[in-house]
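>>> curious how this folds, go ahead:
(one chain, ligands or ions: 1)
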Amino acid sequence: MANKKKRNIAMFLGAGASKAFNYPVTKEILNLIITDIKSGILFTDDDINDRQAELYRILVKELIINLSPGLRPAFENGKTAEENKLPLITDLLSQAEHLYNNEHTLADFNFDIKNPLLGDINTLNERWNLKDVITLLEWAIIKAINKEGNKSKKKLDRFISWVRQTNVSENAYISIITSNYDYAVEWNLLEYGEGNDAHKLIDYGFNWRDVGDGKVYLRPDNPLFRIFKLHGSTDWLKCHRCGFIYINPTEDIYDLAFSNIKTHANTCHCNYWPLSPVLVTPSFSRTVKDTNLSQVWRNTLELLRTADEWVITGYSLPGEDLDIKSLFIRALKGRVKAPLIKVIQQSKNSQVQYDHFFGKENYTFIEGGFEHYDLSAIQTG
Ligand SMILES: [Zn+2]
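Coordinates of the predicted model:
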């Protein structure tokens, strides 16, 4: 690879690509959360006792109702909310973060809610504030996203084998950029037994720590795959003392961050507890501050700036993605020759946005969705 010039393809997978592999899209998430609160399923987890789970559900419900009081009836039994008529979870999360960022708040989450699980406060850190409840809402979002996705392996097969075949060939190399948190793609790229060599096989765009011996892996020189996850991943955990991220290339570790018991699995090799998830949930009112992610973003910019071809799929250029639009535009401005750009979308709904963004003559819009697209039509020669 080092000597021969391969055709360099940057493939951007948005939420719609995950939809093709069974993950829910943004407009479905609020309904999934409400349903799981009503049925008492949300937050049930090995490391969370029933009282904690119930308390967390009450707080998330109150946050949602505080942000959008008209949603109270959606929590009543017997009523089924119409998914398409509910607000987007991104709107609610942005609203909550906007309040918090401006040092405002809503409910008094300790005494407004009359429930025996609340109000018995003995020390300062037992008080609930808006930030804590936003953290629970984020966890609920991730749980909703992950719930269905694990069943998706078969649907990915065609895409996975195409990426693998292309990258071992002499002709082209596909780098994947994604705003999704699920690990469907990278876990399936690795074949049975390759999980232990993930540090040699996959370039994640930053140096990371091994969950077993704590060793820090540098980015590999000659990776078989490159996957840059702009918003983090549910198989990453970060230590706020040493700053390193753990990646578990075969197991979901997001829930470990919410256990209140210090164990080997949720403690850093620098002995700091607790580890934290690395997930930038979609919000208008959010900037990425993590230094690991800022490396991923910078390396993504360079990848886009130098790639021969961009393939964007399952991504509708949503309004809240200011950072991603900035990434595309800066990468284009930083080039001498424009890349070949293809946008593959399920429907034509986002075509107007793309026409305005790239200019009609500068890209090709392909309707019909990623699952049905003939991948060989992406130039690999
Ligand atoms: Zn640490």
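>>> so how far is the helix or strand bottoming out on mean pLDDT in the chain off the chain centroid?
Ranked by mean pLDDT, DSSP states H and E, the weakest helix or strand in the chain is helix 15-20, scoring a mean of 79. Its chain's C-alpha centre and that of helix 15-20 lie 12 Å apart, by C-alpha atoms, centre = their mean, to the nearest Å.
>>> just stretch 274-292 next, same as before
Its chain's C-alpha centre and that of stretch 274-292 lie 10 Å apart, by C-alpha atoms, centre = their mean.
>>> quote the end-to-end distance of it.
This stretch, stretch 274-292, spans 18 Å end to end (C-alpha to C-alpha, to the nearest Å).
>>> now it: average pLDDT?
On average, the pLDDT along stretch 274-292 is 80.
>>> list the buried ones in it?
Of all the residues in stretch 274-292, those buried under the rule 16 or more other C-beta atoms under 10 Å are 274-284, 286, 290, 292. For glycine as for every other residue, the C-beta is placed from the backbone atoms N, C-alpha and C.
>>> filter those residues to keep only those in contact with the ion.
Residues of the buried residues of stretch 274-292 in contact with the ion (C-beta under 5 Å from the ion): none.
>>> just how off-centre is the helix or strand just after the least confident helix or strand of the chain within its chain?
Counting by DSSP states H and E, the next helix or strand C-terminal to helix 15-20 is helix 26-38. Here helix 26-38 is found 17 Å from its chain centre; the criterion is C-alpha atoms, centre = their mean.
>>> looks like residue 369 contacts residue 344 (just checking).
Yes. Residue 369 lies in contact with residue 344 (C-beta atoms under 8 Å); the separation is 7.1 Å.
>>> which of those two has more neighbours?
residue 344 (25 against 17; other C-beta atoms under 10 Å).
>>> just the ones of the buried residues of stretch 274-292 in strands?
Those of those mapping onto strands are 276-279, per DSSP state E.
>>> closest to the ion out of those residues?
Minimum distance to the ion across these is 10.7 Å, recorded for residue 276 (C-beta to the ion).
>>> tell me how far the closest one lies from residue 176.
Residue 276 sits 25 Å away from residue 176, going by C-beta to C-beta, to the nearest Å.
>>> equivalent analysis for residue 210, please.
22 Å.
>>> try residue 284
Separation of residue 284 from residue 176 (C-beta to C-beta) stands at 26 Å.
>>> can you check residue 303 too?
Taking C-beta to C-beta, one finds residue 303 at 10 Å from residue 176.
>>> shared neighbours, these two?
Common contacts of residue 303 and residue 176 (C-beta atoms under 8 Å, 6 or more residues apart in numbering): 226, 228.
>>> what about residue 93, which helix or strand?
Applying DSSP H and E, one finds residue 93 within helix 89-101.
>>> next, residue 60: phi, psi?
Per-residue torsions, residue 60: phi -70, psi -40 (degrees, to the nearest 10).
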